[in-house]
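>>> quick one: sequence plus predicted model below, questions after.
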Amino acid sequence: MRIRTVLICLFLLLALLGGATTVAADEARAVVHIVYFYSTTCEHCMTVIEEVLTPLQAKYGDQLEIKMVEITDPDNYEMLIRAEEMFGVALEERGLPTLLVGGQVLIGEQAIREQLPCLVETCAATGGTSWPSIPGLAELAPAAESELGLGTVIGPGESAVAPCPADESEEGICRDLPPIRVAYFYEVGCRDCSRAEADIAYIRGRYPQVVVEELNIYDSVGLAEWLAQRVGRQDDLETPAVFVGDDALFGAGEISPQNLELLVQKYAATGTEAIWSGFEPGSVAERTLTPVRIAVAGLLDGLNPCAFATLIFFISYLAVSGRRGWQVLAVGAAFALGVFLAYLAIGLGLYRLLDLVRAQHRLVGTVVMGLTGLLCAVLAVLSFRDFLRARNGQIKDMALVLPEVLRKRVHAVIRRSSNARSFALGAFFTGAAVSILELACTGQVYFATLVSMLDSPTGQAQALPLLLLYNLMFVVPLVVVFALVYLGTSSQKLGLFLRRHTPAVKLGTALLFAAFAGWLLAPIIRQLL
């Protein structure tokens, strides 16, 4: 009996040991395989290596294998292209860095930071992942932990395109091949531009006769618009942009290795000239929102009778509450700062939303441009009618005024703020609240300006500085008025000033809306014709 019991115990022990061995083997086989496409010239790529991949490799050790594919090598870049085709990545979604794990594609630093740690943990706990079946990937060895650093290049190594012999090349161009000269316009900080530059570098590696002139769109807006007009696509211009001969490619939706290669092959026999060398500044009307234009729009918006009337009401409350001297300046500065920050935040948020819609849905963006242009045309007519009424002393009959319900709400906010312990702090929040409530009246010029910025290469490249300028000019009238009150000007005198100059402000606003309408509608009308 004892022998039987001992044998049973030994059998169970062996079974447990065998099971543990099997589990250990399974865990050992639970390896997560990652393919990481990057460029050593891509800041986001190198940040991911240092701050995401290296810590993960240290944490999981042998359970994590990473193949680092540096895309400067043309063969490696072709591997990235094949991977994108296999996973169905749309042209507009391409970017750097690109990471493959467990049948999923992560594109960009943010996506990799947010999703990769959880994916690795999940995959490691559920049996690991296999390498994707991308042609050429099997020949690459996984990177050792020490190789996950700056300048790591793993791949076939030699380019598939043989360079010209030293005695047959001049300035990087093969003598026996006609040069194909390309103009490439980029924008600093542009995500799509990073991938476009990688596409161009790949094409240059395959075709030594390609010569690229790189131009900052902000410094060469006139040239870019001249080239776009020359190829009949002046209304499609956006960054990144590529011009070759009589053809052009705009944006992430058009610029790809395949499309670039088609253009190079088209001009391979004849080559192309540097057509931009014939450009003369001033030979084409630039669709450029200059700082002066933005400043004028902001100033006119700040002189809007809606905003000015509210300011006069606020100043009258200052007088009733007994604020004098430096107290007026402190309250005025707080009020103006509240207006500035709230208006700037609204502008940045709305601009970002419009830019996102335009980038994801080009047709929707065009519709927004067209509808805004029509709205500006209507507002121009209404503003001109208000000008005529104001000139005849019929200020109360103007159409573009703050609705009565919002006017009462603004006055209520100002009354409550006058009871605050810290009137300066109350003035700050009052300014922010009032600027939001007044958007129904002042937001018309603001919205038209934001949409026009999206339709201008300069506006896109300098969105933040231009918005800062617009909002600074918007609060200039506030600062001037509070300074005048400090010097002794009464609210009655300010009210008289408003009545006298309302016609001029309305006329200027009408002209501004008309200019915005022409700016936004002209390209659409040209396309329809």
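Thanks, I have the structure now. Numbers count the residues shown, from 1 in each chain.
>>> please count neighbours and contacts with C-alpha atoms only from this point.
Fine.
>>> so what does Gly136 look like in phi/psi?
With angles defined as degrees, to the nearest 10, Gly136 shows backbone torsions of phi 90, psi -20.
>>> so who does it touch?
Residues in contact with Gly136, defined by Cα atoms under 8 Å, 6 or more residues apart in numbering, are Met79.
>>> read off the pLDDT value for it.
You'll see Gly136 listed with a pLDDT of 88.
>>> ok, Ala138 - how many residues close by?
12 (other Cα atoms under 10 Å).
>>> how much space between it and Ser39?
Taking Cα to Cα, to the nearest Å as the criterion, Ala138 is separated from Ser39 by 20 Å.
>>> with Val210 instead?
Val210 is 21 Å from Ser39, where distance means Cα to Cα.
>>> quick one, strands of the stretch 201-350 of the chain?
With DSSP state E, counting those that start in this stretch as the definition, the stretch 201-350 of the chain shows strands at residue ranges 210-216, 241-244, 247-250.
>>> tell me how far the second one lies from the chain's centre.
Once both centres are worked out by Cα atoms, centre = their mean, to the nearest Å, strand 241-244 turns out to sit 21 Å from its chain's centre.
>>> what pairs with it, parallel or antiparallel?
As defined by DSSP bridges, the strand partners of strand 241-244 come to strand 180-186 (antiparallel), strand 247-250 (antiparallel).
>>> pull out the buried positions in the last one.
Right, strand 247-250. Applying a neighbour-count criterion of 16 or more other Cα atoms under 10 Å, one finds 248-250 buried in strand 247-250.
>>> and the longest helix along the chain, how far from the chain's centre?
Of all the segments assigned as helix in the chain under DSSP state H, the longest by residue count is helix 491-528. Using Cα atoms, centre = their mean, the mean C-alpha position of helix 491-528 is found 29 Å from that of the whole chain.
>>> buried residues of that helix, list them for me.
Buried, per 16+ other Cα under 10 Å, within helix 491-528: 491, 494, 498-499, 502-503, 505-514, 516-521, 523-524.
>>> where does Leu354 land on pLDDT?
Leu354 is assigned a predicted lDDT (pLDDT) of 81.
>>> domain map for this protein?
Following automatic domain parsing, the chain resolves into domains at 24-147, 176-278, 291-528.
>>> related to what we said a few turns ago, would you turn the strands paired with strand 241-244 into a markdown table with distance to Leu262 and mean pLDDT?
Formatted as a markdown table, the strands paired with strand 241-244 follow (distance: least, Cα to Cα, whole Å; pLDDT from 0 to 100):
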| stretch | distance to Leu262 | mean pLDDT |
| --- | --- | --- |
| strand 180-186 | 13 | 93 |
| strand 247-250 | 11 | 94 |
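>>> nearest to Ile275, out of those?
Each of those was checked against Ile275 via Cα to Cα, and the shortest separation belongs to strand 180-186, namely 8.6 Å.
>>> that closest one to strand 210-216, inter-axis angle?
Computed with axes from the mean of the first three to the mean of the last three Cα atoms, to 10 degrees, the direction of strand 180-186 lies at 20 degrees from that of strand 210-216.
>>> ok, residues contacting strand 180-186?
193, 209-217, 224, 239-245, 264, 267-268, 271-274, 276.
>>> switch to 7 Å and redo it
193, 209-217, 239-244, 267, 271-274 (Cα atoms under 7 Å, 6 or more residues apart in numbering).
>>> kindly reformat the strands of the stretch 201-350 of the chain as JSON lines containing distance to Leu437.
Output for those, formatted as JSON lines (distance: least, Cα to Cα, whole Å):
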{"stretch": "strand 210-216", "distance to Leu437": "40"}
{"stretch": "strand 241-244", "distance to Leu437": "41"}
{"stretch": "strand 247-250", "distance to Leu437": "40"}
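>>> of those strands, which stretch is the most buried?
Looking across the strands of the stretch 201-350 of the chain with neighbours counted as mean count of other Cα atoms under 10 Å, the highest average goes to strand 241-244: a mean of 26.
>>> contacts for that one next, please.
181-186, 248-251.
>>> by mean pLDDT, show me the worst of the domains of the chain.
Mean pLDDT is lowest for domain 291-528 among the domains of the chain, at a mean of 77.
>>> from the chain's centroid, how far away is it?
Distance of domain 291-528 from its chain centroid, counting by Cα atoms, centre = their mean, is 25 Å.
>>> ditto for stretch 290-303
Using Cα atoms, centre = their mean, the distance from the centre of stretch 290-303 to the centre of the chain it belongs to is 23 Å.
>>> please identify the buried residues of it?
Neighbour-count burial for stretch 290-303, counted by 16+ other Cα under 10 Å, picks out 291, 294-303.
>>> how about a markdown table for these, with distance to Arg385 added?
As requested, the buried residues of stretch 290-303 are exported to a markdown table (distance: Cα to Cα, whole Å):
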| residue | distance to Arg385 |
| --- | --- |
| Pro291 | 29 |
| Ile294 | 24 |
| Ala295 | 24 |
| Val296 | 21 |
| Ala297 | 19 |
| Gly298 | 22 |
| Leu299 | 21 |
| Leu300 | 17 |
| Asp301 | 18 |
| Gly302 | 20 |
| Leu303 | 18 |
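>>> with respect to Leu379, which of these is nearest?
Here the nearest of the buried residues of stretch 290-303 to Leu379, counting by Cα to Cα, is Asp301; it sits at 13.4 Å.
>>> the closest one contacts Gly443, doesn't it?
No: if you go by Cα atoms under 7 Å, Asp301 and Gly443 don't touch, sitting 8.4 Å apart.
>>> any idea how far the closest residue in space to Ala295 that isn't next to it in sequence is from Arg204?
When the adjacent residues along the chain are set aside, Ala295 lies closest to Tyr470, with 5.4 Å between them (Cα to Cα, 6 or more residues apart in numbering). Computed with Cα to Cα, the distance linking Tyr470 and Arg204 is 42 Å.
>>> between these two, which one's more packed in?
Of the pair Tyr470 and Arg204, Tyr470 is the one with more neighbours under other Cα under 10 Å, namely 28 against 18.
>>> the more buried one: what secondary structure?
Under DSSP: H, G, I helix; E, B strand; the rest coil, Tyr470 falls in the helix class.
>>> next up, the contacts around it.
Under the criterion of Cα under 7 Å, 6+ apart, the contact partners of Tyr470 comprise 294-295, 298.
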